[in-house]
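Colleague: below is the sequence, then the predicted model.
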Amino acid sequence: MRKYLNIIIGIFTIFLVSCEGSSTATAPSSVAKLTAFSFAKVDSMPGLAAAVFTVEERLDTGLVWNKDSILFGTRIDSAVPRFTFAATPGAAWITMPDTTVRISGYDTLDFTKRPIYLTIRSQDNSTLKTYEIRATVHQVDPDLYTWTRLTDAVYPVDDSEQRVVEIGSNFVMMVSNGFELRAYASPDGAEWTDLGSPSGLPAGTRVRQIISDGSTLYYGQGNTIYTSTDATTWTAHAVSENVVTMLLYWNKKVWALVGEDEQYELATYADDALTLSGLQPSGEFPVSDFAAVSFHSASERERAMIIGGFAENGRALNTRWNLEYSRHIPENGGYRIEEFSIDRPSFKSLTGISVINYNGQLLLFGGVDDKMTYLGRDILYSEDEGLTWLRADTTKNRLPDTYQARQKQSAIVRDKDIYIFGGQDGSTTYSDVYRGRLNSIGWEK
């Protein structure tokens with residue numbers, strides 16, 4: 001009996017202590033502080049709830065702002081704000097140019113109006129804190145490409161071909177009219193310096209077959225490769241193989257096409273010597289007016305493509321030769337070559353095109369088909385690393401109206417910008433320069 005009596009007394013004691021603790025009053029808070037701000041999800045305004053805001057404390061008026069602007073076109077004229085406070089306030093209200101609203105958690109407000117202030121009063125009425133709220137929406141379309149013409153003409157227009165490459169921090173334009181070679185340099189594509197006539201290159205140099213590794217230029221013809229570090233003085237180096245053309249700089253190597261009578265092999269050039277790669281194209285391979293581009297694939301492999309151009313027999317090609325390197329490829333030192341056009345022959349024959357790697361896509365500019373029909377200002381793009389190609393949305397990605405349809409232009413990506421230089425159409429040679437950029441490139445994510 002005593003055992004059960006002790007249990008009952010213990011329970012009664014706990015009950016009294018609990019009652020005593022629950023009767024202790026909590027003092028009203030003197031804190032008036034905002035710790036977080038956001039927008040509620042609204043189906044008619046997708047992406048609005050994803051906006052991330054920073055609450056910045058200041059001695060006087062605090063600031064609430066979004067570092068990464070809300071997506072272009074998102075409405076904020078009827079947004080529902082959400083607030084998180086350091087302590088439950090005694091009151092909080094929004095002051096706008098034309099009204100004051102005591103917040104309820106369900107308010108729909110127009111955040112396009114400026115200025116907008118949130119004022120918090122603490123529970124004990126001793127503290128007031130005010131924050132300015134700034135919600136910023138991008139004022140430009142992130143998917144739009146914008147273009148600027150940097151110069152109308154680098155050199156007096158004549159019947160010439162050009163190739164633009166980079167040496168260090170300069171663009172270098174090599175020009176040939178069939179009789180005379182000329183070189184021009186520019187740090188920005190707008191202001192150009194005439195470097196004069198290069199020395200050391202052979203007669204009949206095809207400037208569009210000059211390539212660069214970023215510090216040295218290369219040109220191949222017959223059993224000689226010519227190099228230059230300034231575009232004006234060239235040095236000849238005898239090699240053991242017949243050089244058909246220089247292809248590209250890829251995977252930290254200078255690549256050339258060697259052989260004759262359409263029996264070709266890819267070779268690398270270093271230390272004044274050619275090294276055969278074992279890559280032997282089994283079909284028609286371009287020898288002129290092709291486009292070459294290198295990139296890092298989604299599968300973490302170094303890849304390159306050689307697209308279109310003319311075969312040795314003069315036929316315009318629709319070929320897309322894929323080059324790939326991986327230490328997991330057992331043959332040819334880890335290199336492989338494959339012709340995509342065998343499986344996807346719908347790609348039309350094109351010559352005089354330019355291809356770049358930009359924003360995770362391959363972009364193709366200019367060129368003509370086998371009937372000498374110009375592609376116009378439309379741009380082709382590939383999102384699967386050159387396997388299939390589509391025409392870009394002309395409302396978003398189209399060269400400006402001042403850019404005439406042409407072929408044999410040069411295209412280079414520098415930092416976040418695209419540069420397109422010169423070119424030809426049936427009767428006109430261009431030496432203008434355009435710079436373009438996708439608006440969203442460089443925006444904070």
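Modeller: Structure received.
Colleague: not counting its neighbours along the chain, what's nearest the residue nearest in space to the middle of the chain?
Modeller: Nearest to the mean C-alpha position of the chain, by Cα atoms, centre = their mean, lies residue 359 at 2.9 Å. Nearest residue to residue 359, sequence neighbours excluded (Cβ to Cβ, 6 or more residues apart in numbering): residue 438, at 5.5 Å. (C-beta placed from N, C-alpha, C; glycine too.)
Colleague: quick one: contacts for the one you found?
Modeller: Residues in contact with residue 438 (Cβ atoms under 8 Å, 6 or more residues apart in numbering) are 142, 143, 144, 145, 358, 359, 397.
Colleague: the stretch 151-300 of the chain: strands as residue ranges?
Modeller: All strands of the stretch 151-300 of the chain, identified by DSSP state E, counting those that start in this stretch, fall at 161-167, 170-176, 181-186, 193-196, 211-212, 217-228, 235-250, 253-260, 263-270, 273-276, 291-296.
Colleague: quick one: mean pLDDT over the fourth one.
Modeller: When pLDDT is averaged over strand 193-196, the result is 97.
Colleague: name the residues of that strand that are buried.
Modeller: Within strand 193-196, the residues that count as buried by 16 or more other Cβ atoms under 10 Å are residue 195.
Colleague: and this protein, what are its domains?
Modeller: 34-134, 145-438 (automatic domain parsing).
Colleague: quick one on the thing from earlier: among the contacts of residue 438, name the buried ones.
Modeller: Applying 16+ other Cβ under 10 Å to the contacts of residue 438 flags 144, 145, 358, 397 as buried.
Colleague: if I look at residue 121, how far off is residue 395?
Modeller: 50 Å (Cβ to Cβ, to the nearest Å).
Colleague: looking at those two, which is more packed in?
Modeller: residue 121 (16 against 9; other Cβ atoms under 10 Å).
Colleague: okay, helices next: where are they in this protein?
Modeller: With helices called from DSSP state H, the chain shows them at 2-22.
Colleague: any stretches of it with poor pLDDT?
Modeller: Low-confidence segments of the chain, defined by pLDDT under 70: 1-25, 442-445.
Colleague: go again with 50.
Modeller: The chain contains residues with pLDDT under 50 at 1-23, 445.
Colleague: report the buried residues of stretch 109-119.
Modeller: 109, 111, 116, 117, 118, 119.
Colleague: next step: those restricted to strands.
Modeller: Assigned to strands by DSSP state E, the following of the buried residues of stretch 109-119 qualify: 117, 118, 119.
Colleague: what residues are up against the last one?
Modeller: In this case it means residue 119. Here residue 119 is in contact with 92, 93, 95, 128, 129, 130, 131 (Cβ under 8 Å, 6+ apart).
Colleague: most neighbours among those residues, which one is it?
Modeller: In terms of neighbours by other Cβ under 10 Å, the contacts of residue 119 top out with residue 131 at 23 neighbours.
Colleague: what are the bridge partners for that one, then?
Modeller: residue 62, residue 118 (DSSP bridges).
Colleague: I figured it hits residue 63, correct?
Modeller: Yes - at 6.6 Å, residue 131 counts as touching residue 63 under the criterion of Cβ atoms under 8 Å.
Colleague: common neighbours of those two, please.
Modeller: If you check residue 131 and residue 63 against Cβ under 8 Å, 6+ apart, the residues they both contact are residue 55.
Colleague: closest to residue 49 among the ones in strands among the buried residues of stretch 109-119?
Modeller: Lowest distance from residue 49 to these (Cβ to Cβ) belongs to residue 118, with 18.6 Å.
Colleague: if we can go back for a sec, could I get the contacts of residue 119 as TSV with distance to residue 284?
Modeller: Below are the contacts of residue 119 laid out as TSV (distance: Cβ to Cβ, whole Å):
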residue	distance to residue 284
92	74
93	76
95	73
128	80
129	75
130	74
131	68
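Colleague: quick check, nearest of those to residue 58?
Modeller: Ranked by distance to residue 58 (Cβ to Cβ), these are led by residue 131 at 8.8 Å.
Colleague: residues in contact with the closest one?
Modeller: Counting by Cβ under 8 Å, 6+ apart, residue 131 touches 34, 55, 61, 62, 63, 64, 117, 118, 119, 120.
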